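A.B. asks: Predicted structure and sequence below. I'll ask about it afterward.
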Amino acid sequence: MIDSMPPAEVANAERFERFGLDADAGTVARARREFAAWLNRFFALDEERSSDLVLAINEALANSAEFAYRLAERPGTIDICALYDAERQILTVDITDRGTWRTPQTDPVPRTRGRGIPLMETLSDRAIIEPSTQGTHVRLEWHGVSRL
């Protein structure tokens, strides 16, 4: 487990980055607000599409904060990096932690939890979730994104 350190923050028209965020609800909420402000500042998105992007990244951040370090002795960190490819008009957001998410619920019993991954898949044009022994990496993509 790595020690928490102050987050690195970068935001411009092509990139939004927050590295070393504390994996907790308050930090996730702040990162979500900052990401939403970045979208509104640089991109021509209608309210619904903007909301979809923010909700999808919030689900990935929340899963990292809630599940990645639940068995760890100390709190961990989360990284978020959004990159915009102006030529292809694709926005890609990577969210990475160094922990382990819980196993998805697959039994037919009515779900009380476990809607975050289906939400990410539905709200993005492409969603890839890669668990490993080093942590979980989520990549979300949106196509046809225009800058202001």
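C.D. replies: Now that the structure is in, tell me what you want to look at. Owing to the predicted nature of the structure, the values given are computational and were not obtained by experimental measurement.
A.B. asks: low-confidence ranges in this protein?
C.D. replies: Applying pLDDT under 70 to the chain picks out residues 1-11, 102-114.
A.B. asks: Mind jotting down where the helices sit in it?
C.D. replies: Secondary structure of the chain by DSSP state H: the helices cover 25-42, 47-63, 116-123.
A.B. asks: Most tightly packed of these?
C.D. replies: helix 47-63 (a mean of 19; mean count of other C-beta atoms under 10 Å). Where C-beta positions appear, they are placed from N, C-alpha and C, glycine not excepted.
A.B. asks: Return the list of helices and strands in contact with it.
C.D. replies: helix 25-42, strand 77-85, strand 90-97, helix 116-123, strand 135-143 (3 or more C-beta pairs under 8 Å, 6 or more residues apart in numbering; DSSP states H and E).
A.B. asks: Compare the ones you listed and give me the one nearest Arg15.
C.D. replies: Smallest distance to Arg15 across the helices and strands packed on helix 47-63 (C-beta to C-beta): 5.7 Å, for strand 77-85.
A.B. asks: still on that earlier bit, need the helices and strands packed on helix 47-63 in TSV with distance to Glu17, can you?
C.D. replies: Formatted as TSV, these follow (distance: least, C-beta to C-beta, whole Å):
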stretch	distance to Glu17
helix 25-42	10
strand 77-85	5
strand 90-97	10
helix 116-123	20
strand 135-143	15
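A.B. asks: Go through those and name the closest to Arg70.
C.D. replies: The nearest among those, by C-beta to C-beta, is strand 90-97 at 11.4 Å.
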